[in-house]
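Colleague: Mind folding the following:
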Amino acid sequence: SEDGGIWRATTGRLALSPEGGDLAGINLVVGPGDRIAGSVHGDDGAPLERFNVRARPLGADLAVLSSGSVRERFSRAGGSFELVGLTEGTWDVTVEAKGFADAAPVRVRLPEGPSQLAFTLDRLATVSGVVRLPDGTPVEGADVVAVAPGSTAKDKTDDEGRFELDDVVPGAVAVSAGLD
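Modeller: Predicted coordinates:
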């Protein structure tokens, strides 16, 4: 566009006959589109400076369409973001950042949806420890697994029985160890 913004055009679903052929006479009208803006903070209240925002359009049957998704990486002080050039309709917006649990999707209806979204991401945890036999001997090569809602982390113990599981979603976690 002349003002440097993003412009998009979409069509409804098009039907082609099983015999093939061409579709002619399709007119796409390009417009400036809508926008979704907001901010992203950690659970400590500090704005995140590096994160990804994804918006996925929903169809009339609420099935997520693979085409039309918008994903942008942001690296800004203040944790702000803006997705522009979106089409009218319902969108699921998610945010992800390294070291943080993904945000639950927020459903937005454009153009009447909220003008600003605010996401708070929980920091991911690390679970570490030592696997020992009942007599206190460290176990080398044991498989250690931590399962939390939305994540699974795995590690093998070292020669001193130590393990470290990174990127575990905070909350209730089931940790188990086994040796083949």
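Colleague: so where is this structure shaky, pLDDT-wise?
Modeller: 1-18, 20-32, 59-67 (pLDDT under 70).
Colleague: Please look at Glu164 and Val130 and confirm they touch.
Modeller: No. If you go by CB atoms under 8 Å, Glu164 and Val130 don't touch, sitting 10.6 Å apart. Backbone N, C-alpha and C define where each C-beta goes, glycine included.
Colleague: which ones are touching the nearest residue to Val70 once chain neighbours are set aside?
Modeller: Once flanking residues are discounted, Val70 sits nearest to Ala55: 4.7 Å by CB to CB, 6 or more residues apart in numbering. The neighbours of Ala55, taking CB atoms under 8 Å, 6 or more residues apart in numbering as the test, are 36, 69-71, 83, 86, 91-93, 108.
Colleague: how about these in TSV, adding neighbour count, secondary structure and distance to Ala142?
Modeller: Formatted as TSV, those follow (neighbours: other CB atoms under 10 Å; DSSP: H, G, I helix; E, B strand; the rest coil; distance: CB to CB, whole Å):
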residue	neighbour count	secondary structure	distance to Ala142
Ile36	22	strand	46
Ser69	13	coil	41
Val70	19	strand	44
Arg71	12	strand	38
Leu83	22	strand	45
Leu86	22	strand	49
Trp91	25	strand	45
Asp92	17	strand	40
Val93	22	strand	41
Val108	20	strand	46
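Colleague: What residues are bridge-paired with the closest residue to Gly113 other than its chain neighbours?
Modeller: Distances taken as CB to CB, 6+ apart put Ile36 closest to Gly113, at 7.3 Å, once the chain neighbours are dropped. Going by DSSP bridges, Ile36 is paired in beta bridges with Leu83.
Colleague: Was I right to think Ile36 contacts Pro111?
Modeller: No. Assessed by CB under 8 Å, Ile36 is found out of contact with Pro111, at 10.5 Å.
Colleague: Look through this structure and report the residue furthest from the middle.
Modeller: Asp135 (44.4 Å; CA atoms, centre = their mean).
Colleague: host element of it?
Modeller: Using DSSP states H and E, Asp135 sits within no helix or strand.
Colleague: roughly how far apart are it and Ala46?
Modeller: 46 Å (CB to CB, to the nearest Å).
Colleague: swap in Lys156?
Modeller: 34 Å.
Colleague: Of those two, give the one with the bigger neighbour count.
Modeller: Shown here are Lys156 and Ala46; by other CB atoms under 10 Å, Lys156 has more neighbours (12 against 9).
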